[in-house]
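# Need coordinates for the below:
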Amino acid sequence: MDLRSIVPDKVSTPAKLFLIGGILNGFGNGIFNVVVQLYFMSIGFDSVTLGTAFMTMALGQAVLTIPSGIFADRYGKVNIMIFGIFCNSVGAILLLTTKNIDFLIVSFLLLGLGNAAFVVMGPLYSSFFSKEDMDRAFGLQGFLNIIFASMGSLMGLVPPVLMSSYGFTLQDSYLAVMTIAAGFALPSMPFFLLSAREGIRSKREAEAGFRFNLRSKGIVAKFCLIRIINTIGFGAFFNLFPYYVNKKFGVQSDALGILYFASNFIQAGANIVAPRISRRFGTLKTIAASIGLCTPFYLMISLAPNFTWLSAFYILRLGVANISSPLAGSLFMKLLYEEEKSTATSFSVMASMGGDIVAPRLGGQLMEQVSLDFPAYLGSGLYIVYAASYYFLLRNEKEKEVEQTPLKAL
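A predicted model of the protein is given here:
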């Protein structure tokens, strides 16, 4: 394979630092995602309480997302990132040191506040690359993050070993693995900070004082609508996926970890080939087609008679859908002026948070009051709307030309 078709022509030192941070964070999140819901279930959370916890995290993120984006564009990204690291660190410590449901929900609130500050990550990473390299840059980032997340997901095999060989309880085995996850995720933060300090920003951003700056209001509004549809369509079912497979098929962390490991490799492959496909068919058409083509597999997940068939449909949906993932971030960045990227991203993320506030709670209620499968029916229906919205709302938008100047620090 010609690496020039999947790797940017130039990967600068700040970009390399950012990618190293992403690798560590991806590995930690891969571990965390496999066990966190099962850990909460072992404490006594039901689907409604799980939905409430994730809704609280989305609320925390919603509170500060737009202010974080505006201040990042005006005063630089480093101070915003430091605040995010502080909130995430306190939230993670609280998550690992209490079994009180109220305090655990507070930890989710703090994690949400921290995540709000990381609205700068996409704009920061995009600033390291030219427009021509953008698709490949986001494809490379997604590939690396997913590969290491899949490796982290194999830690789902550890809790049964801790129980059988070392006498751990189920709850304590999940807690031990979550502690390992934090040991990888938190050290990733200095790499992101270093990349920001060595990065670049536009002349206009360098010279501006504080003022609200959003020139591409129409584009941002369209992406906000698309993000809301996406997050509700995805989150109503997949935010509670570990709960779903545990209740329906009795799946524990070992089988779930293997599924995530296998599916993440498919997802990584989709990320790395996405720029090649977009070069042939166009970025927007590739995004819309991949979302639309994954929809039947989304529906089939709910119709699967056993975990083996469910896993096959899950992997197929993920592989097809994630062709769009790096391209969506790349397209958004290419449609914006450099000096408005963090502000615009904050509005887009805020829209996602609106969906994330609704989706987990909605999904939990539907699982309890209608049927365990109903959120998948709802989500697959919304994905049809999601694919159509991308194409028809954005087909006439033009990419921006941006002038940037290197800076030693932000």
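
# Any stretches of the stretch 101-250 of the chain with poor pLDDT?
Applying pLDDT under 70 to the stretch 101-250 of the chain flags residues 198-213.

# Break down it into its helices, ranges please.
For the stretch 101-250 of the chain, applying DSSP state H, counting those that start in this stretch gives helices covering 101-117, 121-126, 134-153, 158-166, 170-185, 189-197, 203-207, 217-238, 241-249.

# can you check the stretch 251-400 of the chain too?
Under DSSP H, counting those that start in this stretch, the stretch 251-400 of the chain gives helices at 253-281, 283-303, 307-321, 324-334, 341-369, 374-394.

# if we can go back for a sec, would you turn the helices of the stretch 101-250 of the chain into JSON lines with mean neighbour count and distance to Val34?
(Glycine included, C-beta is placed from N, CA and C.) Below are those laid out as JSON lines (neighbours: other CB atoms under 10 Å; distance: least, CB to CB, whole Å):
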{"stretch": "helix 101-117", "mean neighbour count": "20", "distance to Val34": "17"}
{"stretch": "helix 121-126", "mean neighbour count": "24", "distance to Val34": "23"}
{"stretch": "helix 134-153", "mean neighbour count": "24", "distance to Val34": "5"}
{"stretch": "helix 158-166", "mean neighbour count": "15", "distance to Val34": "9"}
{"stretch": "helix 170-185", "mean neighbour count": "20", "distance to Val34": "8"}
{"stretch": "helix 189-197", "mean neighbour count": "21", "distance to Val34": "22"}
{"stretch": "helix 203-207", "mean neighbour count": "15", "distance to Val34": "39"}
{"stretch": "helix 217-238", "mean neighbour count": "21", "distance to Val34": "14"}
{"stretch": "helix 241-249", "mean neighbour count": "20", "distance to Val34": "8"}
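
# Could you dump those helices into TSV with distance to Leu394 added?
Output for those, formatted as TSV (distance: least, CB to CB, whole Å):
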stretch	distance to Leu394
helix 101-117	26
helix 121-126	17
helix 134-153	15
helix 158-166	43
helix 170-185	33
helix 189-197	29
helix 203-207	25
helix 217-238	6
helix 241-249	29
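
# Pull out the buried positions in stretch 76-93.
76-78, 80-81, 83-85, 87-92 (16 or more other CB atoms under 10 Å).

# tell me which of these is nearest to Leu240?
Gly91 (20.6 Å; CB to CB).

# Thr295 versus the nearest residue to Ala255 once chain neighbours are set aside, what's the distance?
Nearest non-adjacent residue to Ala255, counting by CB to CB, 6 or more residues apart in numbering: Phe307, 6.8 Å away. From Phe307 over to Thr295 the distance is 22 Å, taken as CB to CB, to the nearest Å.

# Name the residue in these two with the higher neighbour count.
Using other CB atoms under 10 Å, the more surrounded residue of Phe307 and Thr295 is Thr295, with 21 against 17.

# pretty sure that one is touching Tyr383, no?
Yes: using CB atoms under 8 Å, Thr295 is in contact with Tyr383, at 4.4 Å.

# Who are the packing partners of the longest helix seen in the chain?
The helix that spans the most residues within the chain, counting by DSSP state H, is helix 13-43. Under the contact criterion of 3 or more CB pairs under 8 Å, 6 or more residues apart in numbering; DSSP states H and E, helix 13-43 touches helix 47-75, helix 101-117, helix 121-126, helix 134-153, helix 170-185, helix 189-197, helix 241-249, helix 253-281.
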